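*Asks:* After the sequence you'll find the predicted model.
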Amino acid sequence: MAPESPFRILFRTWSSSSAGTNSGQGHRSGDKNRREIDPFEMAEHFENHSNRDNRVPTCFISTTDDPVRALKYAIDLQGEEDDIHISIIRSNKYICGEVLATLFDHENEALFKTEFLFLWEIEAAEILHVVSLETLERGNLLNKFKVLDPKYWEGDTLPPLSTIRDEIRNNNEEAWWKGDRNTWPERSGRYVAAIAKCFGNGAPRRAIASLMWDRGTHFEPESYEDGGLGLRVRDAIQRVLDKQGRSCWHDEWCGELAIV
């Protein structure tokens, strides 16, 4: 028997026109004919899923463990779609997109590194929280996380995710060189905790903040590991959570901060 996948905190961005059925009561795939699916048919579904222009329903429901990616996609949809939401999911029933890309010989496996796919359904019990883009913006997301504001960029349009990550890292490095290095970990921890707060009451803020730090591709000075700076970032996040009374059992540390 294959070992179970570890539980992950995952994000699904969806709107009124997203494939399948989407709500806080669960997510269901575009292909509603639930059945046993063999590897050949799954390969065909994965090929269709990988095609951005595809309109053929598949058995897959897409999620990511990268909150930056989920937020960027939500903002990209703005102006084109209505009723934009992000579901936050805790589950171990996913399939790693990168594994499927390798299995089915996709030409660019790296594209699927942070994608996790569900077959047919994500159950309501696996959804921890649902937040609308409107709520995020009302919580001052674009002021706290300026690199996700289209007005921050030339042409008032968000660039590719890789460019946004580079800008996050550059800003984090600038805070190290130009600010007080003695307080850099604490300032960094409070910063990602403030972004996580935008997701509203009931959101797993510890997981969001730690994944925001890890997937945002933060700057690491030479003393990062030996000086325990990552641990201090995590402690700063925890102090914010304790002060807000927002710690809860399902809200685990994720990404790099889970192992310090």
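*Replies:* Looks like it arrived, so ask away.
*Asks:* Leaving out chain neighbours, which residue sits closest to residue 11?
*Replies:* What sits nearest to residue 11 in space, not counting adjacent residues and going by C-beta to C-beta, 6 or more residues apart in numbering, is residue 70, at 3.7 Å. C-beta: built from backbone N, CA, C; applies to glycine.
*Asks:* number of nearby residues for the one you found?
*Replies:* 23 (other C-beta atoms under 10 Å).
*Asks:* just checking, it touches residue 64?
*Replies:* Yes - using C-beta atoms under 8 Å, residue 70 makes contact with residue 64 at a distance of 5.6 Å.
*Asks:* ok, and the closest non-adjacent residue to residue 184?
*Replies:* Spatially, and ignoring its direct neighbours in sequence, residue 184 is nearest to residue 176 (5.3 Å; C-beta to C-beta, 6+ apart).
*Asks:* next one: residue 251
*Replies:* With C-beta to C-beta, 6+ apart as the criterion, residue 251 has its nearest non-adjacent residue at 3.9 Å, and that residue is residue 204.
*Asks:* which residues touch that neighbour?
*Replies:* Counting by C-beta atoms under 8 Å, 6 or more residues apart in numbering, residue 204 makes contact with 9, 88, 90, 128, 129, 248, 250, 251, 252.
*Asks:* how close does it sit to residue 68?
*Replies:* Distance from residue 204 to residue 68, counting by C-beta to C-beta, to the nearest Å: 16 Å.
*Asks:* Next: residue 227.
*Replies:* Distance of residue 227 to residue 68, computed by C-beta to C-beta: 25 Å.
*Asks:* What is the burial count for the closest residue to residue 198 other than its chain neighbours?
*Replies:* Excluding its sequence neighbours, the residue lying closest to residue 198 (C-beta to C-beta, 6+ apart) is residue 139, at 3.7 Å. A count of nearby residues for residue 139, using other C-beta under 10 Å, gives 17.
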